[in-house]
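Q: need the 3D shape of this:
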Amino acid sequence: MNRIDNAKDVTHYRNRCSNINKKDGLRFVIGNICISVKTKHPGIRKQLERCYKNFISRREPEICIDIEYRDCIKKPNFKSLLFQTRNWELGRENGALSLYFPPRENLSSRARFNAKLNRVKLYTQNFFFDQILLSLFPVPLSLILPKYQSLMLHACGILNNKKGYLFIAQSGGGKSTIAKFADKKGLTVLNDEIIIIHKGKNQFRMFGSPWHGEFPRISNKNCALKEIFFLEKAKDNYLLLLQPKESIIKLMQHTFYLPVNPQARKKVFELCFSMVNNLACYRLGFKPDESIVRFLDEFAK
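A: Numbers count the residues shown, from 1 in each chain. The predicted structure follows:
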């Protein structure tokens, strides 16, 4: 398997991938899934290379995205609207899954998926591509991850002595705070917002992603997941071991998956069930200062 394991290898891989990427499009590995992106627009390509430079790969892709710049984008006529956020809408049009980005500064985009959800055609007016970079890739990736025994979580991932620790919380719950203090101590922050978990034969592995929160430094490394912490701001630092029944409810609340079919929902539940029954899960009350790192160091000994 060809995978970049640290940022030091990026330049080397970029040179090796040059001819492949020029012919077949850019390729990125995120969460052990390879995404190929083809576009003829130089501005879009430049943005992709800038944002995903640490995730360049030579692997054969599992997901292929074809991007085409257009002057005019027609809003889909959704027969059913499955999911809606401030920045995008997901629904079905003529039996196919479609993703629509409403106009921002009069620029909109839309994407159409094939039945297997591994081929995406994107039409965009936005060659600056900012909102698409943040929203487009996580959507098809989250849809296909369960097929590969993987899922996407709103969480912070920390690597310490080849062991991975997952910190889960809602927005503003302390993920970026934990990342900041861990980085200050010299630990590796995989990401402070979106982490991808893969279930292997004997362990769960934790992968960084490009889509960070308030803490901007990310890593493309991966590691074995050791323990899960559900964050809760408190006056004092404390740990409380949770039972699987309580843990799975909390874990499901922080998964990033879209209910496009019952099979995907079932697979995500099965992965979460396996995680909480094979990994220790804790409620972590923490003071938002550097004492939390010392507290966790003592716990890990």
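
Q: contact partners for the spatially most central residue of the chain?
A: Centroid-nearest residue in the chain: residue 194, 4.5 Å away (criterion: Cα atoms, centre = their mean). Residue 194 makes contact with 138, 152, 153, 154, 155, 209, 211, 212, 256 under the criterion Cβ atoms under 8 Å, 6 or more residues apart in numbering. All C-beta atoms are positioned from the backbone trio N, CA, C, and that covers glycine.

Q: hmm, the first one is touching residue 210, no?
A: No: at 9.3 Å, residue 138 and residue 210 do not qualify as touching, with contact defined as Cβ atoms under 8 Å.

Q: give me the low-pLDDT residue ranges for the stretch 51-200 of the chain?
A: Residue ranges of the stretch 51-200 of the chain with pLDDT under 70: 127-135.

Q: mind exporting the C-alpha coordinates of whichever helix or strand residue 43 is part of to PDB?
A: Taking DSSP states H and E as the definition, one finds residue 43 inside helix 42-51. Extracted C-alpha coordinates of helix 42-51, given in PDB (Å, rounded to 0.1, in the frame of the first residue of the first chain):
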ATOM      1  CA  PRO A  42      -5.900  25.800 -13.400                       C
ATOM      2  CA  GLY A  43      -7.300  27.800 -10.500                       C
ATOM      3  CA  ILE A  44      -9.300  24.900  -9.100                       C
ATOM      4  CA  ARG A  45      -6.200  22.600  -9.500                       C
ATOM      5  CA  LYS A  46      -4.000  25.100  -7.700                       C
ATOM      6  CA  GLN A  47      -6.400  25.300  -4.700                       C
ATOM      7  CA  LEU A  48      -6.600  21.500  -4.500                       C
ATOM      8  CA  GLU A  49      -2.800  21.200  -4.500                       C
ATOM      9  CA  ARG A  50      -2.500  23.800  -1.800                       C
ATOM     10  CA  CYS A  51      -5.100  22.400   0.600                       C
END
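
Q: begin at 645 from now on, thanks
A: I'll keep to 645 as the first residue from here, and by that count the last item is helix 686-695.

Q: that helix: what's the following helix or strand?
A: strand 707-713.

Q: pull the contacting residues for residue 801.
A: 808, 809, 810, 811, 833, 834, 835, 839, 850, 851, 852.

Q: same thing with residue 683?
A: Contacts of residue 683 (Cβ under 8 Å, 6+ apart): 669, 689, 692, 710, 711, 712, 713.

Q: which residue, other than its chain neighbours, is closest to residue 693?
A: residue 670 (6.8 Å; Cβ to Cβ, 6 or more residues apart in numbering).

Q: if I look at the one you found, how far off is residue 819?
A: 29 Å (Cβ to Cβ, to the nearest Å).

Q: who's more crowded, those two?
A: Shown here are residue 670 and residue 819; by other Cβ atoms under 10 Å, residue 819 has more neighbours (25 against 21).

Q: hey, what's the nearest residue to the more buried one once chain neighbours are set aside bridged with?
A: Closest residue to residue 819 apart from its sequence neighbours, by Cβ to Cβ, 6+ apart: residue 800 at 3.9 Å. In this entry, residue 800 is beta-bridged to residue 811, by DSSP bridges.

Q: just the contacts of residue 838 now: which is nearest residue 933?
A: Within the contacts of residue 838, the smallest distance to residue 933 is 21.0 Å, found for residue 799 (Cβ to Cβ).

Q: distance of the closest one relative to residue 687?
A: 33 Å.

Q: in terms of neighbours, single out the busier of the two.
A: For the pair residue 799 and residue 687, the greater number of neighbours falls to residue 799 (27 against 13), based on other Cβ under 10 Å.
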